[in-house]
Structures are given as C-alpha cells and as structure tokens.
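Engineer: return a 3D structure for these sequence lines:
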Amino acid sequence: LSANVSAEQGLFWKVESPTGKTSYLFGTMHTDDNRVTDFSPAINNALQSVDAFMMETLAPNDPSVFMMPDGDLKTILTEKELDKVYELAEFHVMHRDAATHMKPWILAVVFDSPKPLTPFAQDNLLMSKSEDLGKEVIGIEDTQEHFGVMDGFSRDEQLIMLRAVLKRSQQVKERDFESLMTAYLAGDSDKVAALDEKITGGMLPPALWAKMRTKLLDERNVVMAQRIEDEAANRNVFVAVGASHLAGKGGLIARLKNAGYKMTAIN
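Structural biologist: Coordinates of the predicted model:
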C-alpha cells in the first residue's frame with residue numbers, strides 16, 4: 001500500500017497519452033536553491049526526448065504588469081509598514097521607488113521569500129536547458145491570464161496579503177521554506193500542497209485564503225490540464241508547473257488520469 005500511496009504523490013511523472021505520445025509532468029519549486037537546481041539524469045533525458053517545453057507562463061515583455069496603475073504605497077501604508085517595505089526592498093535588491101509602485105500582491109510574493117529571488121529559479125533553468133536543446137518553449141497561460149489572476153483581487157485584499165507578509169520574521173520565513181524544501185526533496189506533492197495551505201492559509205483571513213486557493217489553484221488547474229492534454233495528444237512535451245498544482249482530486253495528476261492518460265511516477 002505505501003508504495004502505491006507514494007506513487008500518487010510524486011513530483012515527476014511520465015505521461016502517456018491515449019494516442020501513444022510520451023510526455024512528462026514535473027512539479028517545480030520557484031527557487032534557485034541548489035538543492036533543487038541540480039537536475040537528475042532522468043529529468044535531463046526527458047527534456048532531450050520531447051518536442052516542446054511547457055511552463056506556466058513566459059516572462060512578460062512589459063514590466064508594467066507588475067506596477068500599480070495608479071497611486072503608490074507611500075500614501076497607503078503606515079510609516080512603520082513603509083520602513084519594513086524599504087528594509088525588505090533592500091534585502092531583495094529592489095529600488096525603493098520600484099517597490100512602492102509595485103502591485104501589493106507581487107511585493108507579498110517577493111518579500112515572502114527568505115532570500116533574494118534570482119532569474120535562475122528552477123523553472124527558468126529548465127526553460128534555458130530546453131532552449132539550448134532547440135526545443136519550442138510554450139507558456140500554458142499567456143502573461144495577461146497568468147498575472148491577471150491576482151489582479152482580480154481588490155487593492156484592499158492585496159494589501160491584506162502584503163501586510164501579512166510584512167509581519168513575518170526572517171526566522172519564520174526560513175523555517176517555513178525549509179519545511180517546504182524537505183517535503184519537496186522527499187517528492188511528496190501532497191505534503192507540499194498541505195504545507196502551502198498551512199503557511200499561506202495560516203497568515204490570511206479564511207475567506208481570502210479560500211478565494212485565493214480557488215483562483216490560483218482550482219480554476220487554473222482546469223484550464224492547465226485541458227491545454228496540456230491538447231498538446232500531449234499530438235506530440236511529446238515536458239511540462240513544468242509549480243508543485244502545488246499536482247496533488248489532490250482537482251490537481252493535474254488526477255485530471256490527466258481522468259482524461260485517459262497513463263501516469264507513472266519517476267523517482
């Protein structure tokens with residue numbers, strides 16, 4: 001039984017379509033931590049074998065998607081909150097002025113990381129490898145869809161997210177990151193999803209977290225699964241998406257299985 005249970009929870013899957021095409025699904029962690037960026041031969045071989053690489057979205061050409069359309073945080077936050085924003089902006093190598101004009105939800109995401117995010121996160125490295133191998137690179141969502149999900153939250157809701165992150169200490173962020181990393185390295189997609197729920201859900205009002213989970217995971221999983229199926233029916237693809245999208249009855253593993261794809265976990 002235990003082998004079967006863990007097989008449902010893997011982070012790397014061989015995906016065989018009803019039409020006989022072999023693709024791969026890989027759950028990523030958006031970090032450049034070298035514990036996850038030193039890819040196994042199985043992943044490198046899979047990348048070489050496919051026709052195209054699919055990731056959540058391609059980088060936006062227009063940086064304005066990250067900026068508030070009007071106003072800035074200097075007029076919204078308290079002096080104490082603003083000081084914290086400046087402190088974290090410096091830590092994350094971000095210009096103060098850019099930080100105060102950014103959409104609060106994006107700042108919340110960046111500031112919640114226990115170390116500066118670089119362009120060398122796991123999914124970006126996989127994309128670079130794919131490009132080096134001459135593979136076509138496809139965004140499952142276009143940038144407007146991808147970033148528009150969070151733009152659907154009101155400014156007040158986004159400020160609740162940002163303020164929750166501003167209250168978190170460096171120690172707590174590091175502890176939570178290590179918990180996630182442990183679950184990720186164990187290849188346990190269920191545990192990764194449960195920790196996401198505990199960490200993010202634990203710092204937000206229940207109604208806001210429920211809305212966020214619906215918008216960020218449940219609704220997007222329906223669309224992602226459909227677009228992956230459309231590609232994987234006709235050619236071999238390597239799909240890299242955040243590990244939280246894999247697990248659960250609404251996750252990509254279950255959705256692809258229900259669509260008639262044979263799923264085999266790769267250790």
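
Engineer: what number of residues lie near the residue lying closest to Arg235 once chain neighbours are set aside?
Structural biologist: In this structure, Arg235 finds its nearest non-sequential neighbour in Asp51, 4.4 Å apart by Cβ to Cβ, 6 or more residues apart in numbering. Yep, even glycine has a C-beta here, placed from its N, CA and C like the rest. Asp51 is flanked by 14 other residues according to other Cβ atoms under 10 Å.

Engineer: my read: Asp51 touches Lys135, true?
Structural biologist: Yes - in this structure, Asp51 is within contact of Lys135 by Cβ atoms under 8 Å, at 6.9 Å.

Engineer: alpha carbons of stretch 259-267, as CSV, please.
Structural biologist: C-alpha atoms of stretch 259-267 as CSV (Å, rounded to 0.1, in the frame of the first residue of the first chain):
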residue,chain,number,x,y,z
ALA,A,259,-8.7,12.2,-19.3
GLY,A,260,-7.3,8.8,-20.1
TYR,A,261,-3.6,9.5,-19.7
LYS,A,262,-1.4,6.7,-18.1
MET,A,263,0.6,8.3,-15.3
THR,A,264,3.7,6.7,-14.0
ALA,A,265,5.8,8.3,-11.2
ILE,A,266,9.5,8.5,-11.8
ASN,A,267,11.7,8.6,-8.8
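
Engineer: state the distance from Pro69 to Ala240.
Structural biologist: 31 Å (Cβ to Cβ, to the nearest Å).

Engineer: these two - which one has more neighbours?
Structural biologist: Ranked by neighbour count (other Cβ under 10 Å), Pro69 and Ala240 place Ala240 first, with 23 against 8.

Engineer: that one: what secondary structure?
Structural biologist: Classification of Ala240 using DSSP: H, G, I helix; E, B strand; the rest coil returns strand.

Engineer: residues touching it, list them.
Structural biologist: By Cβ atoms under 8 Å, 6 or more residues apart in numbering, the residues touching Ala240 are Phe26, Thr28, Phe53, Met54, Met55, Glu56, Gln122, Asp123, Leu126, Met127.

Engineer: which ones among those are found in helices?
Structural biologist: Among the contacts of Ala240, the members found in helices (DSSP state H) are Gln122, Asp123, Leu126, Met127.

Engineer: can you pull out the low-pLDDT segments for the stretch 101-250 of the chain?
Structural biologist: Applying pLDDT under 70 to the stretch 101-250 of the chain flags no residue at all.

Engineer: which stretches in it count as helices?
Structural biologist: 104-111, 122-132, 143-151, 155-166, 170-185, 189-203, 206-213, 219-232 (DSSP state H, counting those that start in this stretch).
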